[in-house]
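Undergrad: Provide a 3D model corresponding to the input given below.
(chains A and B)
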Amino acid sequence: MSFEKTMKVFSPDGRIYQMEYAFKAISQFGQTSIAVRGNDSVVVCTQKKIPDKLIVPDSVTNIFNVSDSRGVVLVGNMNDARYIVQWLRNNAAKFKFTNGYEIPVHVLAQKLGHHLQHFSQQAGLRPFCVNTTIVGMDEEFGAQCYRVDPSGQAIGFKCVSTGSKEQEAMTQLEKHYRKKEGNWDRKETIETAIQVLQTVISSDFKANEIEIGVASVGDVRFKKLTEQEIENHLNDLADKQ
Amino acid sequence: MSGTGFDYECSSLSPEGRIFQVEYAEKAVETSSTILGVRCKNGIVLGTEKIVLSKMMVAGTDKRVFSITTTTGSVVNGLTPDGKSLVYRGREEAVQYEKMFGIKIPIQVLAERLAMRTQMNTIYNGIRPYGTSIILAGNDHIKGLGLYMIEPSGQCFEYYGCASGRGKQLARNEIEKVNFREMSVDEAIPLIAKILLKAQEEMKDKKQELEISIISDTTGYKHKILDRVFVDQLTLKAQEEIENEQMEMA
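TA: All right, here's what the predicted structure looks like:
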């Protein structure tokens, strides 16, 4: 067994196989997330799949608060995700304590990227099999959306999808973006996110099968929408079609 | 399922992105004693079944049910020393939490911390994963009753009823059939004894021992491990009932 595949070293053709396997691991969990940045709001959206009917529904989630106004959606190995959420929360709180204002989204994303890069270079440990999307209403830059992947690359996006159906979803997102050059208000941003997810998963959702987190200029706190609010948005979408 | 070369360390992912060491740890759990936890109307019941390995063993000393704080309990299966190690870690976390925040550790926080500790053993190549599933039960003033199960991969969910081990499928089917959420803990205990005994069907010829514990309003929401004599009587009664049911069916 060629050990460039079992260890995190370069193979003769310049690839790091273990990193590629980490990326592949993310899609095997069957989750997809959508994050959309509008004019004055940012929305993350993902399917809510409860693996077992004896599980309490509230304990299953992919969307977390990192601080009052920063949110994150993660797809992949949710056990690794738990560590990343804790790490992000820690760093956001430390930043606020040291500097007196909320950590800018791009700073948080780059810090996480820097941290994850260690796990791609150091021996004796494996990369986290999680794709993280950090969102928030930044005080300086407005709506922000950054994706951090297992190799530590932190890139800002106008719309991004991660997970098993990410290729399809990105195509759909580009289509929607071209229609209005991304000039969406809060409602349109939410509806775009739901529409793309529905197209990609090819099913119509009920209000308890989908999770949505929103932060917007009117209410900078990152909050998950309640079932009633999701129901209203789904009904509005259905009326439009 | 052969890893061939990708399964010696946790720090090796397979080409499909699987961590074989974690899957092997879960296999170790799958073939071990059944443990279960059930949430009832006024409390939670935890239980496990064991085979008494030898007549020379003093009954009741091979413990699988542990208290983590006075109001939190746990039951472990798989490699029992791994389970104990996790329980000790839980106790340290509880003490540290109370020192820092002044209140007893909420069950959700405890579950998350132990889940993260378990997950930590799935990242490095120098440590192997815990070969144990742990079911945690507790009551706190924030959310009330909580039942959590943590698996070797670090997966942790809150449950209404959960089971792990060789009788997992049977136990889960039985838990789904009976509406435990409407039952009180006292009504549930004999049913749970029956489920545990049925779960170890294949080992019927060996001597069986059950361990059951409860957290309910009758115990003041303190974790109470039911005493040996009571549990042995329960076991005998449940065994009789199972035999009668089988005779009726035959």
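Undergrad: could you measure from B:Ile35 over to chain A?
TA: For B:Ile35, the distance to chain A (C-beta to the nearest C-beta, to the nearest Å) stands at 15 Å. C-beta coordinates here come from the backbone N, C-alpha and C atoms, glycine included.
Undergrad: which stretches of chain A form strands?
TA: Secondary structure of chain A (DSSP state E): strands at A:32-37, A:41-47, A:63-65, A:70-76, A:130-138, A:142-148, A:154-156, A:159-163, A:210-216, A:219-224.
Undergrad: tell me the contacts of A:Ala109?
TA: Residues counted as contacts of A:Ala109 (C-beta atoms under 8 Å, 6 or more residues apart in numbering or on different chains) are A:Ile134, A:Tyr146, A:Arg147, A:Val148, A:Ala154, A:Gly156.
Undergrad: my bad, A:Asp138
TA: Listed by C-beta under 8 Å, 6+ apart, the contact set of A:Asp138 reads A:Pro104, A:Val105, A:His106, A:Gln144.
Undergrad: which positions within stretch A:79-93 qualify as buried?
TA: Neighbour counts using 16 or more other C-beta atoms under 10 Å in any protein chain shown place A:Asn79, A:Asp80, A:Ala81, A:Arg82, A:Tyr83, A:Ile84, A:Val85, A:Trp87, A:Leu88, A:Arg89, A:Asn91, A:Ala92 of stretch A:79-93 among the buried residues.
Undergrad: distance of the first one relative to chain B?
TA: Read that as A:Asn79. A:Asn79 is 3 Å from chain B, by C-beta to the nearest C-beta.
Undergrad: so how many other residues sit close to B:Gly220?
TA: For B:Gly220, the count of nearby residues is 11 (other C-beta atoms under 10 Å in any protein chain shown).
Undergrad: and B:Tyr130, what pLDDT?
TA: The model reports B:Tyr130 with a pLDDT of 94.
Undergrad: same question but for A:Gln122, I mixed them up
TA: With respect to pLDDT, A:Gln122 has a value of 87.
Undergrad: who does the longest helix anywhere in chain A touch, helix- and strand-wise?
TA: Longest among the helix segments of chain A by residue count, using DSSP state H, is helix A:78-99. In terms of contacts (3 or more C-beta pairs under 8 Å, 6 or more residues apart in numbering or on different chains; DSSP states H and E), helix A:78-99 is packed against strand A:70-76, helix A:105-121, strand A:130-138, helix B:107-120.
Undergrad: on that earlier part again, and chain B, which of the contacts of A:Asp138 reach it?
TA: Among those, no residue sits close to chain B (C-beta under 8 Å from any C-beta of the partner chain).
Undergrad: now, among those residues, which is nearest to chain B?
TA: Using C-beta to the nearest C-beta, A:Val105 is the member of those that sits closest to chain B, with 24.4 Å.
Undergrad: hang on, that closest one packs against A:Arg147?
TA: No. Contact between A:Val105 and A:Arg147 fails when scored by C-beta atoms under 8 Å: they sit 11.3 Å apart.
Undergrad: so what sits against both of those two?
TA: Listed as contacting both A:Val105 and A:Arg147 by C-beta under 8 Å, 6+ apart are A:Ile134.
Undergrad: look at the two and report which has more neighbours.
TA: Taking neighbours as other C-beta under 10 Å, A:Val105 and A:Arg147 compare with A:Val105 leading, 26 against 23.
Undergrad: now the more buried one, nearest residue through space, not along the chain?
TA: In this structure, A:Val105 finds its nearest non-sequential neighbour in A:Gln144, 3.8 Å apart by C-beta to C-beta, 6 or more residues apart in numbering or on different chains.
Undergrad: and the residue in chain B positioned nearest to chain A, how many residues sit next to it?
TA: Across chain B, no residue is closer to chain A than B:Gly17, which sits at 2.6 Å (C-beta to the nearest C-beta). The tally of other residues near B:Gly17 (other C-beta under 10 Å) stands at 19.
Undergrad: show me what contacts it?
TA: By C-beta under 8 Å, 6+ apart, B:Gly17 lies in contact with A:Tyr21, A:Ala22, A:Phe23, A:Lys24, A:Ala25, A:Ile26, A:Ser27, A:Gln28, A:Cys129.
Undergrad: what does A:Met19 give?
TA: Contacts for A:Met19 were tallied using C-beta under 8 Å, 6+ apart; they are A:Lys8, A:Ser120, A:Pro127, A:Pro150, A:Ser151.
Undergrad: in stretch B:139-146, which residues are buried?
TA: Quick answer for stretch B:139-146 (16+ other C-beta under 10 Å): B:Asn139, B:Asp140, B:Leu145, B:Gly146.
Undergrad: just the buried residues from the contacts of B:Gly17, in ChimeraX please.
TA: Here is the ChimeraX command that selects only those of the contacts of B:Gly17 that count as buried (16+ other C-beta under 10 Å):
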select /A:21,22,23,24,25,26,27,129
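Undergrad: let's have the contacts of B:Gly17 in CSV, adding pLDDT.
TA: Output for the contacts of B:Gly17, formatted as CSV (pLDDT from 0 to 100):
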residue, pLDDT
A:Tyr21, 91
A:Ala22, 93
A:Phe23, 93
A:Lys24, 92
A:Ala25, 93
A:Ile26, 94
A:Ser27, 92
A:Gln28, 92
A:Cys129, 95
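Undergrad: near chain B, from the contacts of B:Gly17?
TA: For chain B, the contacts drawn from those by C-beta under 8 Å from any C-beta are A:Tyr21, A:Ala22, A:Phe23, A:Lys24, A:Ala25, A:Ile26, A:Ser27, A:Gln28, A:Cys129.
Undergrad: residue contacts, whatever residue of chain A ends up closest to chain B?
TA: Proximity of chain A to chain B (C-beta to the nearest C-beta) peaks at A:Ala25, 2.6 Å away. By C-beta under 8 Å, 6+ apart, the contact set of A:Ala25 is A:Gly76, A:Asn77, A:Cys129, B:Leu13, B:Glu16, B:Gly17, B:Arg18.
Undergrad: so who does residue 180 touch?
TA: You didn't pick a chain, so chain A it is. A:Glu188.
Undergrad: please go with chain B instead
TA: With C-beta under 8 Å, 6+ apart, B:Phe180 has these contacts: B:Val38, B:Arg39, B:Cys40, B:Tyr160, B:Gly161, B:Ala188, B:Leu191.
Undergrad: show me the two of those residues that sit farthest apart.
TA: For the contacts of B:Phe180, the farthest-apart pair by C-beta to C-beta is B:Tyr160 and B:Leu191; their separation is 15.1 Å.
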